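Quick one, fold the following:
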Amino acid sequence: MSTQRQSGEKTAVRVKEPRQYNVIMLNDDFTTMEFVVQVLIDIFHKDPLTAEVLMMNVHKKGRAVIGRYPYDIAVSRVQTAMERARKEGFPFRMLVEEA
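Just a heads-up that it's a prediction; the model follows:
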């Protein structure tokens, strides 16, 4: 009769992190700064100060990365923001690009 003993060897388990995607907000001349800040707070969960800084970066530079998320989350948040903009009548635009 033989008994097997665990050898104590550890096997490496690698968990692959999901790819990350940048959400990019684009500037336009019609969407109000207040609307942009509110979208950043409500949909992208930014604090008011960070939202103001990001909004000014978009305004001054024409575009800015406002967050990095897994693909499904990035697309979902952009769609939610775009729907809100359409309801308010703004030509607001955002992009999702692989980070």
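
The chain: helices as residue ranges?
Remark: helices of the chain, listed N- to C-terminal, are 33-42, 48-61, 71-88; assignment by DSSP state H.

could those go into CSV alongside mean neighbour count, distance to Arg14 and mean pLDDT?
Quick note: C-beta positions are derived from backbone N, CA and C, even for glycine. What follows is the helices of the chain, written out as CSV (neighbours: other CB atoms under 10 Å; distance: least, CB to CB, whole Å; pLDDT from 0 to 100):
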stretch, mean neighbour count, distance to Arg14, mean pLDDT
helix 33-42, 18, 35, 98
helix 48-61, 15, 33, 98
helix 71-88, 15, 20, 98
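
Please determine how far the spatially most central residue of the chain is located from Phe30.
The C-alpha lying nearest the average C-alpha coordinate of the chain belongs to Gly67 (CA atoms, centre = their mean; 3.7 Å). Using CB to CB, to the nearest Å, we find Gly67 at a distance of 23 Å from Phe30.

partners of the nearest residue to Ala99 once chain neighbours are set aside in the sheet?
Spatially, and ignoring its direct neighbours in sequence, Ala99 is nearest to Gln20 (4.3 Å; CB to CB, 6 or more residues apart in numbering). Partner residues in beta bridges with Gln20, using DSSP bridges, are Pro70.

I am finished for the moment; much appreciated.
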